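Quick one: sequence and predicted model below, then my questions.
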Amino acid sequence: MVAIDKLFAGSIPEIYDRFLVPLIFEPYAADLAGRVAMAQPRDVLETAAGTGVLTRALASRLAPSTRIVATDLNPPMLDQASRRQAGGNIEWKQADALALPFGDQSFDVVACQFGMMFFPDKVRGYAEAHRVLKPGGRFLFNVWDRIEENEFAGVVTAALAGVFPKDPPLFMARTPHGHHDVGRIRADLTAVGFAGISVDAVDATSKAASPRHAAVAYCQGTPLRNEIEARDASRLEEATNRATDALAQRFGKGTIEGRIRAFVVTAER
């Protein structure tokens, strides 16, 4: 992973929350929150909370007395999240998921919504989740399947390869869709002490009001923007337009829909 893959700053958090969250994250947040709620936890830690789509889903599904600590490496993302969901039983905290600032056996559940792919040392991330869980606690997270099973991301990536043929921006394939080897995930979780590991493939439909909405979501609301601007900042709008045209050609010019697939992982301490 390159350093800019983890950089969510500038206008990215607001565009991410406005365009990308409803595009691909909301159905999986509802799914993961429902799974967490089945455990009836009293203390929940969320890592890589981003702009809080899972946090909001958890707050709506869990008992009001449940303590939710939502963390992320990037303060701008947490600032956006806290503006959307202030007060209540949620504590927002900047934290590195590879070095969590919490004591051993502090939480009943650790949850992570599409964040594991961004951890430069995934085994260490698993180990930290294991450390802060109480005996019998659960670690629940989801990761995207390969990019070929996620249609909008695949089309956008191919379109940008046409804009920068000598050095195509591959953030989507490299990072969000780069951690889908279920066998390796199971092995790494087992290596740090987890048991009772289950993995479910969950299909959903990504919907956008227009091809432009989806193109802006990916090209301007993710670190893919950093890759584009690193090549030529003056071509961001051109790249977004090229992605828009490719999505329209594939899915139509009005409201568009595409297939998305993720794996949902549950492990027990």
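Arrived safely, thanks for sending.

what sits up against the helix or strand residue 130 falls within?
Under the criterion of DSSP states H and E, residue 130 resides in helix 122-132. With contact meaning Cβ atoms under 8 Å, 6 or more residues apart in numbering, helix 122-132 is reached by 45, 47, 97-100, 102-107, 110, 112, 116, 119, 139, 179, 188-189, 191-194, 269. C-betas here are computed from N, CA, C, even on glycine.

So which of these are in strands?
Those of the contacts of helix 122-132 mapping onto strands are 45, 47, 107, 110, 112, 139, per DSSP state E.

And the contacts of helix 122-132, which of them are buried?
45, 47, 97-98, 100, 102, 106-107, 110, 112, 116, 119, 139, 179, 188-189, 192, 194, 269 (16 or more other Cβ atoms under 10 Å).

wait, what's in contact with the spatially closest residue to residue 212 that is not a sequence neighbour?
Distance criterion Cβ to Cβ, 6 or more residues apart in numbering; nearest residue to residue 212, sequence neighbours excluded, is residue 244 at 4.9 Å. Residues in contact with residue 244, defined by Cβ under 8 Å, 6+ apart, are 211, 212, 214, 215.

Now, these that are in helices?
211, 212, 214, 215 (DSSP state H).

so how many other residues sit close to the second one?
So that's residue 212. Residues lying near residue 212 (other Cβ atoms under 10 Å) number 19.

Look at residue 165 and say how many residues are nearby.
Using other Cβ under 10 Å: residue 165 sits among 8 other residues.

still on that earlier bit, adding pLDDT, write the ones in helices among the contacts of residue 244 out as JSON lines.
JSON lines is the format used below for these (pLDDT from 0 to 100):
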{"residue": "211", "pLDDT": "98"}
{"residue": "212", "pLDDT": "98"}
{"residue": "214", "pLDDT": "98"}
{"residue": "215", "pLDDT": "98"}
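
Now the buried members of those.
211, 212, 214, 215.

Reformat the residues you listed as a markdown table; add distance to residue 166.
Listed next are these as a markdown table, based on distance: Cβ to Cβ, whole Å:
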| residue | distance to residue 166 |
| --- | --- |
| 211 | 26 |
| 212 | 27 |
| 214 | 26 |
| 215 | 22 |
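
Which members of those are the farthest-apart pair?
212 and 214 (7.4 Å; Cβ to Cβ).

how much space between the spatially closest residue to residue 238 that is not a sequence neighbour and residue 210?
Closest residue to residue 238 apart from its sequence neighbours, by Cβ to Cβ, 6+ apart: residue 163 at 6.6 Å. Look at residue 163 and residue 210: by Cβ to Cβ, to the nearest Å, they are 20 Å apart.

Neighbour count: the two, which is higher?
Neighbours were counted for residue 163 and for residue 210 using other Cβ under 10 Å; residue 163 has more, 19 against 16.

Model confidence for the more buried one, exactly?
Predicted confidence (pLDDT) for residue 163: 98.

I'd say it and residue 237 touch.
No: look at residue 163 against residue 237 with Cβ atoms under 8 Å: they stay out of range, at 11.1 Å.

How about the residue in this protein that sits furthest from its center?
Most distant from the centre of the chain: residue 166, at 28.5 Å, with distances by Cα atoms, centre = their mean.

Quick check: residue 72 vs residue 48, distance?
Distance from residue 72 to residue 48, by Cβ to Cβ: 6 Å.
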